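Trainee: Model the structure of this input:
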Amino acid sequence: MSLSDVVGAAASAFRRRPTDLLPWYVLGAAVPAIARVVPFLAIAVGVAYLEVTGRLEAAITQFQELETEPPDPEADPDAFEAWAESVGTAFEPLFSPTIALLVLVAVGGAIVVGVGLYAAVSAGQLTACSARLRSNRGLTAGFAGSRRYWLRFLGLYLLELLAWIAVLLTVGIGTSIVAVLVAAATGSAGAAIVVVVIAIFVTGLALAAVRALFAFAPVAVVVDDTTAVDAVSNTVGFVRSQPLRAGFYYAVVLATVVTLAIVSSALALVNATAVVSLLTVLLVFPALDLLKTALYNAYRERLRPPATPERTLSRQFRDGIGRGWNELVAFVRETPGTHTLVVVLAIGSFWVGWEAAEPLVDLGVETSIAARLEGHNPAAATLEFFGNNWMVALTTALSGLILVLPAIVSLVFNGFVMGIYGRTEVDPTELLAFVVPHGVFEVPAIFVASALGIRLGIAGWLAYRGQTSRTELADTLERAFWVLVGIGILLAVAAVIEGFVSPYYYELLF
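Mentor: Coordinates of the predicted model:
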């Protein structure tokens, strides 16, 4: 099979049924949202502990007694030193062995959960890609692959880490020895610096080679159904026997990274980088994974891709928009109870945030929607709002697949933060006027995403207990992605209004 056929196979697998693949990649983006549940729970326990023991009230009292503006350290260093000591004294009630233990648990737990989930999701992604390239169901294959291969993926991470450490130690020790010998022989520190610069360049090449080798190792685990060590060995064989195809993949990755860096840098100038993250998750990552999986499957002569879709891309896009909207409407109609629960949680968390902000108000902390809109660029802001909000909706919904809790935590956290913003806003009327036009689309969209996360969590739990099949779970997940497409439509409308209307119209009223 020619290289062009392999590339075409990857494109066909993506276009034929993208919703049979993309949920795995959104789930990958949701891993941080799932892992952050651990520190959020630790924070909740810590705040409860400080409240029960009276430490929180003591700290708030001491902060309220502080001077809001520190003395000038140059004009009166003694007064500044006294002020700094009073700040340290105000923080003292917040520190204890219990709080220190909670911090360790939060950090360690988040790392363990994050790494473990990343391995499981990565295994599911590549298994789904391999299945699509053989005309099989991607989502169901991904579930099986995630369970079967996640420990082997962890093994690959460990092997790559050891390889990086070996490179750094070898080059570092060798460079030190050579630099000392060169400096002693020439009597010049400049010669030693040249050796160090060369060593840095060699180290970069060596680390790049390690990364290039391990890029195909996870695919080898899935396609060959082999161990982590054997996968590395098989990858070496692939690169040796197919250097042009491996080189083609590396070139595509390099070109993609450079392009994304240029686009991100340009959009960063107008604060609109969120849309790049969105495209990376929904297009770049799955396309690159399909390409390298197709190359390795072709090497093993196991490539049997689906036929190229007959519909044009534009037609496929229009049909997808229509289906997404219909699925969104149907989901809302079918789940009134779940949406009622979401609204109650959102209002409750907003009220908690409002009440929790009282000490901040007493300390003189203020937020201002007018200040946040300074330098507002409507077009750039529209892209940023849409990219950020749809990514939040996607990750909120898919994170719920893991025992529901991450979706609820995301909803409650956002409501809590909005309550704080509302309480500390210097001009609540102006904030309300800004929020209303786009909020009538954005807020319901986030509510639907949260309800979707809860429903996915229930479906995942039933599948884990064996009360539903993987096929039924895959059907639910695929339909959920179409609902998220409908949510994206709402958020696109909200972004346009928030970018071009909300910051300006109320100036005519006030």
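
Trainee: who does the helix or strand harbouring Trp461 touch, helix- and strand-wise?
Mentor: Assigning secondary structure by DSSP states H and E places Trp461 in helix 428-464. Secondary-structure packing of helix 428-464 (3 or more Cβ pairs under 8 Å, 6 or more residues apart in numbering; DSSP states H and E): helix 313-334, helix 336-356, helix 369-372, helix 378-399, helix 405-424, helix 470-500. The C-beta positions use only the backbone N, C-alpha and C, and glycine is treated the same way.

Trainee: Buried deepest among these, which one?
Mentor: The highest average neighbour count among the helices and strands packed on helix 428-464, using mean count of other Cβ atoms under 10 Å, belongs to helix 378-399 at a mean of 23.

Trainee: and that helix, how far from the chain's centre?
Mentor: 12 Å (Cα atoms, centre = their mean, to the nearest Å).

Trainee: From the contact counts, what lies against it?
Mentor: By 3+ Cβ pairs under 8 Å, 6+ apart, helix 378-399 packs against helix 22-29, helix 31-35, helix 274-279, helix 405-424, helix 428-464, helix 470-500.

Trainee: what mean pLDDT would you report for the shortest one?
Mentor: Here the mean pLDDT over helix 31-35 is 94, rounded to a whole number.

Trainee: who does that helix touch, helix- and strand-wise?
Mentor: Helix 31-35 packs on helix 97-132, helix 378-399, helix 405-424, going by 3+ Cβ pairs under 8 Å, 6+ apart.

Trainee: ok, and for that helix, which residues are buried?
Mentor: Val31, Ala33, Ile34, Ala35 (16 or more other Cβ atoms under 10 Å).

Trainee: out of the helices and strands packed on helix 428-464, which comes closest to Ile198?
Mentor: Among the helices and strands packed on helix 428-464, helix 378-399 comes nearest to Ile198, with 41.9 Å by Cβ to Cβ.

Trainee: the inter-axis angle of that closest one versus helix 22-29?
Mentor: 100 degrees (axes from the mean of the first three to the mean of the last three Cα atoms, to 10 degrees).

Trainee: What would helix 378-399 look like as CSV? C-alpha coordinates only.
Mentor: Extracted in CSV, the C-alpha atoms of helix 378-399 (Å, rounded to 0.1, in the frame of the first residue of the first chain):
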residue,chain,number,x,y,z
PRO,A,378,-14.9,42.1,19.4
ALA,A,379,-13.6,39.6,16.8
ALA,A,380,-10.8,38.2,18.9
ALA,A,381,-13.0,38.1,22.0
THR,A,382,-15.7,36.1,20.0
LEU,A,383,-13.2,33.5,19.1
GLU,A,384,-11.9,33.3,22.7
PHE,A,385,-15.3,33.1,24.3
PHE,A,386,-16.5,30.4,21.9
GLY,A,387,-13.3,28.3,22.2
ASN,A,388,-13.1,28.6,26.0
ASN,A,389,-16.8,28.0,26.6
TRP,A,390,-17.2,25.1,24.3
MET,A,391,-14.1,23.5,25.7
VAL,A,392,-15.6,23.9,29.2
ALA,A,393,-18.8,22.3,28.0
LEU,A,394,-17.1,19.4,26.3
THR,A,395,-14.8,18.6,29.3
THR,A,396,-17.6,19.1,31.8
ALA,A,397,-19.8,16.6,30.0
LEU,A,398,-17.2,14.0,29.3
SER,A,399,-15.6,14.3,32.7
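
Trainee: quick one, that helix and helix 470-500 angle?
Mentor: Using the same axes, to 10 degrees: helix 378-399 against helix 470-500 is 160 degrees.

Trainee: what angle do helix 378-399 and helix 97-132 make?
Mentor: 90 degrees.

Trainee: can you list the weak-confidence ranges in the stretch 401-510 of the chain?
Mentor: 507-510 (pLDDT under 70).

Trainee: Find the nearest non-adjacent residue to Gly46, please.
Mentor: Leu102 (4.9 Å; Cβ to Cβ, 6 or more residues apart in numbering).

Trainee: Ok, Ile99 next?
Mentor: Gly46 (5.7 Å).

Trainee: where's the one you found, which helix or strand?
Mentor: Going by DSSP H and E, Gly46 is in helix 37-53.

Trainee: picking up where we left off before, could you export the helices and strands packed on helix 428-464 as TSV, including distance to Leu139?
Mentor: Listed next are the helices and strands packed on helix 428-464 as TSV, based on distance: least, Cβ to Cβ, whole Å:
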stretch	distance to Leu139
helix 313-334	16
helix 336-356	22
helix 369-372	40
helix 378-399	12
helix 405-424	19
helix 470-500	4
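
Trainee: got the contact list for stretch 264-280?
Mentor: 29, 260, 263, 377, 380-381, 383-384, 386-388, 390-391 (Cβ atoms under 8 Å, 6 or more residues apart in numbering).

Trainee: mind running it again at 7 Å?
Mentor: Leu260, Val263, Asn377, Ala380, Leu383, Glu384, Phe386, Gly387, Asn388, Trp390, Met391 (Cβ atoms under 7 Å, 6 or more residues apart in numbering).

Trainee: follow-up on the earlier one: buried residues in the helix holding Trp461, which are they?
Mentor: Neighbour-count burial for helix 428-464 [16+ other Cβ under 10 Å]: 430-431, 433-435, 437-439, 441-460, 463.

Trainee: Would you enumerate the residues in contact with Thr203?
Mentor: Per Cβ under 7 Å, 6+ apart, neighbours of Thr203: Val167, Leu168, Val171.

Trainee: Can you name the element that comes right after the helix or strand harbouring it?
Mentor: Under the criterion of DSSP H and E, Thr203 resides in helix 189-224. Downstream of helix 189-224, the first helix or strand assigned by DSSP H and E is helix 228-241.

Trainee: between that next one and helix 189-224, how many degrees?
Mentor: Using the same axes, to 10 degrees, helix 228-241 lies at 100 degrees relative to helix 189-224.

Trainee: which element follows helix 228-241 toward the C-terminus?
Mentor: Downstream of helix 228-241 (by DSSP H and E), the next one is helix 243-268.

Trainee: follow-up on the earlier one: report the separation between the residue nearest to Ile99 and Ala357.
Mentor: 18 Å (Cβ to Cβ, to the nearest Å).

Trainee: my read is Pro70 is in a helix, agree?
Mentor: No: per DSSP: H, G, I helix; E, B strand; the rest coil, Pro70 lies outside any helix segment and is coil.
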